[in-house]
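Asks: give me a 3D structure for the following:
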Amino acid sequence: MTDALGRPSIHALLADGTTVRIRAVEPEDHDQLHRLYEEMSPENLRMRFFAVSPHSAALAADHACEPPRSGHRALVAELRGRIIGLAEYDEGEERGSAELAVAVADRLHHHGVGTLLIEHLASAARADGLTCFVADALSENREVLRLFTDLGLRVTHRTDGPETRCTIALDQDDTYLEAVENRGRTADVASMEPLFRPRTVAVVGAGRRPGSVGRAVLRHLRTGDFTGRLFAVNPHAHALLGVPSYPAVTALPVPPDLVVIATPAAAVPSVAEDSGKAGAHALVVVSAGLDPAQAQALLTACRTHGMRLVGPNCLGVANTDPALRMDATFAAAHPSRGTAGIAVQSGGVGIALLDGLSRLGIGVSTFASLGDKYDVSGNDLLQWWENDGVTDLALLHLESFGNPRAFSRTARRVTRRMPLLTVDAGRTDAGRRAAASHSAAAATGTLTRQALFTQAGITATRSIGELLETAALFHAQPLPAGNKVAVVTNAGGAGVLAADACVEAGLLLPAPTPELVQDLLAVLPDGAAVGNPVDVTAAVAEDELRDCLDRLTTHRGVGAVVVALVPTAVAAATGDDLARAVTQGPGRRRIPVVLVRLEQDVPVRLLPAGEGGA
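Replies: Here you go, the predicted model:
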């Protein structure tokens, strides 16, 4: 990646979620580096140079800005255009070794600036063939000694009088890689706070007349009882929907945590730049149709000012936490509170999932419509849900994966804690072309995507209906202990269809043991066929079906039960009676039980269990 001047650089997150730019030192940086040292306290200067000299700052800046030469590298961290840290190395006489030096602005100690710089400098050093850094520090300088130790690299110390020499091995073992991943995850989650837990939200583009997207977002925030401070930005109104309005983001009385932009595409870059200047930490851009120049200007503003970005071309974000109640979307209705996290690229899919999960009583913890996914991705949302303390079920609709390897690594970790469901979107050439046209992203190839899902432990469905059905199952039922399934039905044909579907899904239908056969025959009506499927006959009564299920769900050879029922005029029990037998046993059943009613008028619904719940 390069900056506007063509210089290589990378944007990274500090421990508190602030975005900084890491790049090589340029000669033009001399004055800023000189000022970096001059603004240090006398005590920190002593810790850095072992003595306080009026010439130390100038000499250090001179050295860092020397013309490029073999054996020397220097990187700076830049925040909103100002240098806040420097790390450099000089190769020594010992082969494979280099002297390391680090300096961080006083006001940004303990934010991870030094750690981030050393991580990137170490990567460059490995590419240059170096195997270790050595660094001298005053033995009383506990902060820098802790910095070296906490890197996750192997560090040895040798103390000689008032000084300690640290030798930092640069090889990347599992401990180091885990430390880097943990730091990245902590920083990523912190950077999402302004998106999902903002204290102040501003909506830009809300008009006076009904019908505008911006007005719909503002109305949702207001009618949803957002607990933070809410502002509108419109130069032609003093108030909109009872919300105070200001002519520009820079005119707001306080810096906004989150700015929602719903203006025409041409105005998006300037609004983003104003938001950054006003101190905003995050943007949600629902506007669509940005051309390449506008898109680049939007990204530049976000990176320059350290703002996270959702969108553009998206539905918005929401958090149902009762302490916040933030609905910054233009969906038809407010999402209901719950424990399912949702991330989608398609706003339409997002609306369908919000409606479906609300209808099923599952509800939503946090929602994000990622749109064209310029910055915030599914990987970011997975890490947020992993740490939010609320989400226990994750639903994704992603048409592309920017970094499949990183996504797979995160998803594998998350699926150990909660089910992760997705729609396998873009399975065909036509679907991938539609995805590219719809969200301006190249859909991941079918084989790559399916391998990714398998490797990460993601449950992939083929439609929104299947996704909601599976979400309902995972929400209401325990996870099966294995892949052995028993099918129970009151109609032989329905049992055949259910058995075929199970086998095609890779499940096993084991034959019942002789003991189980006797137990089932003892409670079922005459004529019942006790194999697998178990045909309980059309004459089965409610208590007979309940007793049958109680025996199956307590049998060690059964991991789940599928019950397929059809209405008949033979038994005294109605369809609702039989459904009640499935849901209301003597106690909450230890394995999943799924009821399929062939006459039901909705694709999926949750039934109340005997002990409450579903």
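
Asks: does residue 400 touch residue 346 like I think?
Replies: No: applying Cβ atoms under 8 Å, one finds residue 400 not in contact with residue 346, separated by 11.8 Å. Just so you know, the C-beta spots here come from the backbone N, C-alpha and C atoms, and that holds for glycine as well.

Asks: what part of the chain, helix or strand, is modelled with the least confidence?
Replies: Every helix and strand of the chain was ranked by mean pLDDT, DSSP states H and E. The lowest is helix 429-439, at a mean of 49.

Asks: ramachandran angles for residue 316?
Replies: Main-chain dihedrals, residue 316, degrees, to the nearest 10: phi 120, psi -170.

Asks: ok, for it, nearest residue in space, not its chain neighbours?
Replies: Residue nearest to residue 316 in three dimensions, not counting chain neighbours: residue 329, with 3.5 Å by Cβ to Cβ, 6 or more residues apart in numbering.

Asks: check the gap between that neighbour and residue 219 for me.
Replies: Computed as Cβ to Cβ, to the nearest Å, the residue 329 to residue 219 distance reads 11 Å.

Asks: about what we covered before: ok, the residue nearest to residue 316 - contacts?
Replies: Counting by Cβ atoms under 8 Å, 6 or more residues apart in numbering, residue 329 touches 217, 220, 315, 316, 317, 318, 335, 350, 367, 369.

Asks: may I see the ChimeraX selection of the buried members of those?
Replies: Buried residues within these, by 16 or more other Cβ atoms under 10 Å, are selected in ChimeraX with:
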select :217,220,315,316,317,318,335,350,367,369
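
Asks: ok, the contacts of residue 329 vs residue 281, which is closest?
Replies: Nearest to residue 281 out of these is residue 317 (Cβ to Cβ; 13.5 Å).

Asks: beta partners of the closest one?
Replies: Under the criterion DSSP bridges, residue 317 forms beta bridges with residue 328, residue 368.

Asks: mind checking how far it is from residue 213?
Replies: Distance from residue 317 to residue 213, by Cβ to Cβ: 14 Å.

Asks: pLDDT weak spots in the stretch 301-450 of the chain?
Replies: By pLDDT under 70, the weakly predicted segments of the stretch 301-450 of the chain are 425-447.

Asks: mind doing that once more with 80?
Replies: Applying pLDDT under 80 to the stretch 301-450 of the chain picks out residues 400-403, 425-450.

Asks: can you check the chain too?
Replies: Looking at the chain by pLDDT under 80, you get 1-8, 400-403, 425-450, 568-577, 583-589, 599-614.

Asks: give me the most central residue, it.
Replies: The residue lying closest to the centre of the chain (Cα atoms, centre = their mean) is residue 381, at 1.3 Å.

Asks: nearest residue to that one other than its sequence neighbours?
Replies: Using Cβ to Cβ, 6+ apart, the nearest residue to residue 381 is residue 343, at 4.1 Å.

Asks: residue contacts, that neighbour?
Replies: 367, 368, 370, 378, 381, 394, 395, 396, 397, 398.

Asks: now do the SS call for it.
Replies: Using DSSP: H, G, I helix; E, B strand; the rest coil, the three-state assignment for residue 343 comes out as strand.

Asks: beta partners for it?
Replies: Beta bridges link residue 343 to residue 368, residue 396, judged by DSSP bridges.

Asks: before we move on, what about residue 78?
Replies: Residues in a beta bridge with residue 78, per DSSP bridges, are residue 21, residue 83.

Asks: tell me, how many residues neighbour it?
Replies: Counted with other Cβ atoms under 10 Å, residues neighbouring residue 78 total 19.

Asks: just checking, it touches residue 105?
Replies: No: using Cβ under 8 Å as the test, residue 78 is too far from residue 105 to be in contact (11.2 Å).

Asks: joint contacts of those two?
Replies: In terms of Cβ under 8 Å, 6+ apart, residue 78 and residue 105 are both contacted by the residues residue 84.

Asks: thought residue 370 was touching residue 344?
Replies: Yes: applying Cβ under 8 Å, one finds residue 370 in contact with residue 344, separated by 6.8 Å.

Asks: overlap in contacts of these two?
Replies: With Cβ under 8 Å, 6+ apart as the test, residue 370 and residue 344 both reach residue 398.

Asks: the more surrounded of those two?
Replies: Higher neighbour count among residue 370 and residue 344: residue 370, with 31 against 28, using other Cβ under 10 Å.

Asks: ok now do that one, which residues does it touch?
Replies: By Cβ under 8 Å, 6+ apart, the residues touching residue 370 are 310, 311, 314, 343, 344, 345, 376, 377, 378, 381, 398.
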